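Engineer: need a 3D model of the following:
(2 chains)
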Amino acid sequence: MVARPVDDRDLHAYVDGCLDPQRRIEVEACLAEDPASAERVNAYRSQIDQLHELFDDVLGENATPVMDDLQNRLSGRMAGNDNYRRGWLRSPFARMAAAVVLLLAGGTGGWVLRDPEPTTVEQQQPPLQSFAQEAVQAHTFYASDNRFAVEMGGEDRGALDSWLSERLGRRIFGPDLSSAGFRLIGGRSLPTATGAGAQYMYENDGKRRLTLFVGTPKAGQEAAFSFVQKGDVSMFYWVEGSIAYALIGRLDRDQLMNITQTVYRELKIRNVPPAPPPAAPPPPEAAKQAPAAQPVGDIKRKDM
Amino acid sequence: MSRFGTELEVQIASLRRYARALLRDKNDADDLVQESLARALSRADRFKPGTNLRAWLFTIMHNVHVNQVRQKISRPDEVPVEEHEMRLITPARQETSLELRDMSRALAELPAEQRQVLLLVALEGLKYDEVATVLQIPIGTVMSRLSRAREAVRIKLSNEGGVPLRRVK
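Structural biologist: Numbers count the residues shown, from 1 in each chain, chains lettered A, B, ... in the order given. The predicted structure is shown next:
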């Protein structure tokens, strides 16, 4: 073993996700044989969770009018800013609640329209709505960025999936959406209120971008499909097992719903433990949209 | 909303959370954020597009905070020490679990310089070099403060009735 010994600094960098993949593997190997260090790592991670539990409520509180005013003036003054207007994200929870909420009952059929309840939502701020808000913000922020749209390219999907799985602490993957005309350009990891999140970014031939945001909300959420639309941006979000997903793009609801169903089926098929079983009987629609070869060129990398 | 507007909104929410975690008192935290945004506004022209907005904003807030603390020390009558202590050990939420209450207390008992580093890294997710920029200290100092803070909290929590580990691999 020629690896440099694991020191205190490595443990912190490991907890904070700052290690390169090679070093991360070395640290994990060391942790497997060093229960005391592994316990420290667990304790430090636990501290992160607890800090979020203590203080994330602040994110959902209304800013003071003075802050709102300063934010608007700041946004108007600062270079790099373009046509800022008071946006719908300002009161995301009210907006979410006011949006039409659709429930997808039992797989495919049964869309049910539910009345919004805008009154109490601001105080409650369920974790899933904070997840949805983060997903939209991440989409808005990165999908429009041509240079740094992704942190890691999608040419090696295995490497991308395993890196993001590592960051989330769950096994995740970017589904193949080539049947819908979207190819994976890459992904990034980013912080959410409940730990690390992952964003997969897709693009079609018309350069239109779609993101799949994956996070781990607090337990107890269930798998309702919710739809939110503002302007030309649409989002479906839902929870499957302990993982939350949000699919976002400048598409209309029907287009996005079709892609959402593709994503959902792929997740269902591939998430059957312990490994993706080719023997699992997919529904006929899924069979039609079986993963096709993924195009590889035209990939943007942060480090290029 | 423009991309910049969105990022600004995200970062300001982050500033508010950090201020609350640092000061605990809502009014104090709001004051700190407002004063920091006002300062940012007065220096807006100096921000270079494409550079790190988060580090820029947190640096401004850190400087404002340092000034506020300095002013309070020079005018001790305005902030009775006992009241300040009370605030620091008051949990952020009344209904918090014992586990969170212990965490809250452990955080409050950290030296301020360690608390800042721990919150910036563990709560706000800043990279180590960003923390070094924001607090204007060498990165080695960031690492040593982070290490001491995490160990102090860990030992304190393990002494207070064994906090169950939440993540078991």
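
Engineer: interface residues of the stretch 151-300 of chain A facing chain B?
Structural biologist: Selection of the stretch 151-300 of chain A residues close to chain B by Cβ under 8 Å from any Cβ of the partner chain yields A:169, A:191. C-beta here means a position set from N, CA and C on the backbone, and glycine is covered the same way.

Engineer: burial count for the nearest residue to A:Gln50 once chain neighbours are set aside?
Structural biologist: Closest residue to A:Gln50 apart from its sequence neighbours, by Cβ to Cβ, 6 or more residues apart in numbering or on different chains: B:Met103 at 4.3 Å. Close neighbours of B:Met103, defined as other Cβ atoms under 10 Å in any protein chain shown, add up to 25.

Engineer: how near is B:Met103 to A:His52?
Structural biologist: 11 Å (Cβ to Cβ, to the nearest Å).

Engineer: likewise A:Gln133?
Structural biologist: 15 Å.

Engineer: other SSEs contacting the longest helix along chain A?
Structural biologist: The longest helix of chain A (DSSP state H) is helix A:35-55. Here helix A:35-55 touches helix A:8-15, helix A:21-32, strand A:195-203, helix B:3-23, helix B:98-109, helix B:139-159, going by 3 or more Cβ pairs under 8 Å, 6 or more residues apart in numbering or on different chains; DSSP states H and E.

Engineer: possible to save those as JSON lines with mean pLDDT?
Structural biologist: Output for the helices and strands packed on helix A:35-55, formatted as JSON lines (pLDDT from 0 to 100):
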{"stretch": "helix A:8-15", "mean pLDDT": "93"}
{"stretch": "helix A:21-32", "mean pLDDT": "90"}
{"stretch": "strand A:195-203", "mean pLDDT": "92"}
{"stretch": "helix B:3-23", "mean pLDDT": "87"}
{"stretch": "helix B:98-109", "mean pLDDT": "91"}
{"stretch": "helix B:139-159", "mean pLDDT": "95"}
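
Engineer: tell me which of those sits most buried.
Structural biologist: Ranked by mean neighbour count, these are led by strand A:195-203 with a mean of 25 (mean count of other Cβ atoms under 10 Å in any protein chain shown).

Engineer: show residues contacting that strand.
Structural biologist: A:17, A:48-49, A:52, A:131, A:134-135, A:138-139, A:142-143, A:149-150, A:154, A:164, A:167-169, A:172, A:174, A:177, A:182-191, A:209-216 (Cβ atoms under 8 Å, 6 or more residues apart in numbering or on different chains).

Engineer: just the buried ones from those residues?
Structural biologist: A:48-49, A:52, A:131, A:134-135, A:138-139, A:142-143, A:149-150, A:154, A:164, A:167-168, A:172, A:174, A:177, A:182-191, A:209-216 (16 or more other Cβ atoms under 10 Å in any protein chain shown).

Engineer: out of those residues, list just those in strands.
Structural biologist: Under the assignment DSSP state E, the buried ones among the contacts of strand A:195-203 contribute A:183-191, A:209-215 to strands.

Engineer: where's the dip in pLDDT among those?
Structural biologist: Among these, A:Pro191 has the lowest pLDDT, at 84.

Engineer: now the closest residue to that one other than its chain neighbours: which helix or strand?
Structural biologist: Nearest non-adjacent residue to A:Pro191, counting by Cβ to Cβ, 6+ apart: B:Gly125, 3.9 Å away. Under DSSP states H and E, no helix or strand contains B:Gly125.

Engineer: state the distance from B:Gly125 to B:Leu15.
Structural biologist: Distance from B:Gly125 to B:Leu15, by Cβ to Cβ: 13 Å.

Engineer: over to A:Ile269?
Structural biologist: Taken as Cβ to Cβ, the span from A:Ile269 to B:Leu15 is 43 Å.

Engineer: repeat for A:Val150
Structural biologist: A:Val150 is 27 Å from B:Leu15, by Cβ to Cβ.

Engineer: what do you get for B:Glu113?
Structural biologist: B:Glu113 is 19 Å from B:Leu15, by Cβ to Cβ.

Engineer: and for A:Thr216?
Structural biologist: In terms of Cβ to Cβ, A:Thr216 sits 25 Å off from B:Leu15.

Engineer: likewise for A:Asp57?
Structural biologist: Taking Cβ to Cβ, one finds A:Asp57 at 15 Å from B:Leu15.

Engineer: quick check: mean pLDDT of the longest helix of chain A?
Structural biologist: For helix A:35-55, the mean per-residue pLDDT is 93.

Engineer: got the angle between that helix and helix B:139-159?
Structural biologist: 90 degrees (axes from the mean of the first three to the mean of the last three Cα atoms, to 10 degrees).

Engineer: so for helix A:35-55, what gets flagged as buried?
Structural biologist: Here helix A:35-55 shows A:37-38, A:40-55 as buried, counting by 16+ other Cβ under 10 Å.

Engineer: picking up where we left off before, B:Thr59: which of the helices and strands packed on helix A:35-55 is closest?
Structural biologist: helix B:3-23 (11.1 Å; Cβ to Cβ).

Engineer: hmm, that closest one touching chain A?
Structural biologist: Yes - using Cβ under 8 Å from any Cβ, helix B:3-23 reaches chain A at B:3-10, B:12-13, B:16-17, B:20-21.

Engineer: could you dump the residues you listed into a markdown table and include distance to B:Phe58?
Structural biologist: As requested, the residues of helix B:3-23 next to chain A are arranged in a markdown table below (distance: Cβ to Cβ, whole Å):
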| residue | distance to B:Phe58 |
| --- | --- |
| B:Arg3 | 20 |
| B:Phe4 | 17 |
| B:Gly5 | 19 |
| B:Thr6 | 18 |
| B:Glu7 | 13 |
| B:Leu8 | 13 |
| B:Glu9 | 15 |
| B:Val10 | 13 |
| B:Ile12 | 11 |
| B:Ala13 | 13 |
| B:Arg16 | 12 |
| B:Arg17 | 12 |
| B:Arg20 | 14 |
| B:Ala21 | 13 |
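
Engineer: next, the buried residues of stretch B:52-70.
Structural biologist: Of the residues in stretch B:52-70, those buried (16+ other Cβ under 10 Å) are B:52-62, B:64-65, B:68.

Engineer: only alpha carbons, please: show it as CSV.
Structural biologist: The C-alpha coordinates for stretch B:52-70 follow below in CSV (Å, rounded to 0.1, in the frame of the first residue of the first chain):
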residue,chain,number,x,y,z
ASN,B,52,-17.5,34.4,-6.2
LEU,B,53,-20.7,36.2,-5.0
ARG,B,54,-21.1,33.9,-2.0
ALA,B,55,-17.6,34.6,-0.7
TRP,B,56,-18.0,38.3,-1.4
LEU,B,57,-21.3,38.6,0.6
PHE,B,58,-20.1,36.5,3.5
THR,B,59,-16.9,38.5,3.7
ILE,B,60,-18.9,41.7,3.9
MET,B,61,-21.1,40.2,6.6
HIS,B,62,-18.1,39.0,8.6
ASN,B,63,-16.6,42.5,8.5
VAL,B,64,-19.9,44.0,9.6
HIS,B,65,-20.2,41.5,12.4
VAL,B,66,-16.6,42.2,13.6
ASN,B,67,-17.5,45.9,13.7
GLN,B,68,-20.7,45.3,15.6
VAL,B,69,-19.0,43.1,18.2
ARG,B,70,-16.3,45.8,18.6
